[in-house]
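J.: below: sequence and its predicted model.
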Amino acid sequence: MIKSNFLKKTSVRWVVALKEEAEVILDNYKMVLVNEKTLYPIYKNVEETHWLTLSGIGRHNSAASTSYLYTISKASKWTSWINVGIAGSGKGDYGNIYLVDKIFNQNANITYPATMPKSNLSKMTLLTTDIPITDYSSKELIDMEGSAFFDIASKLTTKEFICIMKIVSDGPSNDIKQLNKLKIIQLVKSNLSKISEVISYYEKLSENENQIRAKPYIFYKISSNWHFSVTQRTQLENLLRRLRVFCGNDDIMELIKQCENSSFVINALNNKIKSNKVDWSDV
């Protein structure tokens, strides 16, 4: 029997370039390594609501690992996709985290993430490059993964379920050569509460969409009592969605309890809907 809390389960997937960027996130969401032999390292929590992969640096790795995580974790259409990491910046403040609201790469391709979460975080434009850039003067945020992550994730879900957050780690006053593993961990740790606040929005977004798309709970009860073909299961789901507007679960079960097979069930539900159609000519 499918439990109702399963239907409410949220779904979040993280794509993070470096282990140092992910360490605090892994601890906070209690994710552990799934298998050491996977193509890209993959972590998940016990509930399997949060999954994370370490992509490594570069657009190719980011794109490939996002696709890989989608396949391995069997991510749904209502999964929220998150990319968090450090970035160079010529205009942002060192240590601050920013939401990305515009992305472009060196090929001048521009994309715009859709709905932004309600947050106090400032928004910035992200440039994704194929090689490291040290001239920060005219750039808001610079990384080597963001645009590729977004390109792939937007093929796996709608744009409103995708979020990119970047923490300024280097710039005109902060030489990238001074950056080390400990500093990266500290940068993420100092922004963890802000990251968690944004993630809670995407958790709720995912959960709400899951509830909208989820099959009515009574679907599992009925399909366990009668054998339905694939076509009949689709018919059953559609009929139950229509019936629940004016008919309770107990009434539905009472209606079909004497049905001999799945065809009788489908017919009984169809007839119930037809008998409840409103005659607007009398209104």
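T.: It's in. Numbering: from 1, shown residues only.

J.: which stretches of the stretch 51-200 of the chain form helices?
T.: 59-73, 146-156, 181-190, 192-213 (DSSP state H, counting those that start in this stretch).

J.: how far off helix 59-73 does the second one point, in degrees?
T.: What that stands for is helix 146-156. 30 degrees (axes from the mean of the first three to the mean of the last three C-alpha atoms, to 10 degrees).

J.: buried stuff in helix 146-156?
T.: For helix 146-156, a neighbour-count test (16 or more other C-beta atoms under 10 Å) marks Gly146, Ser147, Ala148, Phe149, Phe150, Asp151, Ile152, Ala153, Ser154, Leu156 as buried. C-betas here are computed from N, CA, C, even on glycine.

J.: rounded mean pLDDT for that helix, please.
T.: Averaged over helix 146-156, pLDDT sits at 95.

J.: who touches it?
T.: The contact list for helix 146-156 (C-beta atoms under 8 Å, 6 or more residues apart in numbering) reads 15, 55, 59-60, 62-63, 66-67, 70, 75, 77, 79, 81, 83, 87, 100, 103-105, 109, 111, 113, 126, 128, 162, 164, 166.

J.: buried ones among those?
T.: Here, 16+ other C-beta under 10 Å leaves 15, 55, 59, 62-63, 66, 70, 75, 79, 81, 83, 87, 100, 103-105, 111, 113, 126, 128, 162, 164, 166 buried among the contacts of helix 146-156.

J.: just those: which are in strands?
T.: 15, 81, 83, 87, 100, 103-105, 111, 126, 128, 162, 164, 166 (DSSP state E).

J.: closest to Ile218 out of those?
T.: In terms of C-beta to C-beta, no member of those lies closer to Ile218 than Trp81, at 31.7 Å.

J.: got the contact list for the closest one?
T.: Arg13, Val15, Thr66, Ala75, Phe149, Ala153, Leu156, Thr157, Phe161, Ile162, Cys163.

J.: which of the residues you listed sit farthest apart?
T.: Longest span within these, C-beta to C-beta: Ala75 and Cys163, 14.7 Å.

J.: circling back: using CSV, lay out the helices of the stretch 51-200 of the chain together with distance to Lys30.
T.: Formatted as CSV, the helices of the stretch 51-200 of the chain follow (distance: least, C-beta to C-beta, whole Å):
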stretch, distance to Lys30
helix 59-73, 16
helix 146-156, 23
helix 181-190, 16
helix 192-213, 13
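
J.: if we can go back for a sec, out of the ones in strands among the buried ones among the contacts of helix 146-156, which one has the lowest pLDDT?
T.: Within these, pLDDT is lowest for Thr111, at 80.

J.: residue contacts, the closest residue to it other than its chain neighbours?
T.: Spatial nearest neighbour of Thr111, chain neighbours left out: Ile103 (4.9 Å); criterion: C-beta to C-beta, 6 or more residues apart in numbering. Contacts for Ile103 (C-beta under 8 Å, 6+ apart) come out as Ile110, Thr111, Tyr112, Pro113, Thr125, Leu126, Thr128, Gly146, Ser147, Phe150, Ile164.

J.: out of those residues, the closest to Ala268 would be?
T.: Pro113 (46.9 Å).

J.: and that closest one, what is it in contact with?
T.: Pro113 touches Val100, Asp101, Lys102, Ile103, Phe150, Lys159, Ile162, Cys163, Ile164, counting by C-beta under 8 Å, 6+ apart.
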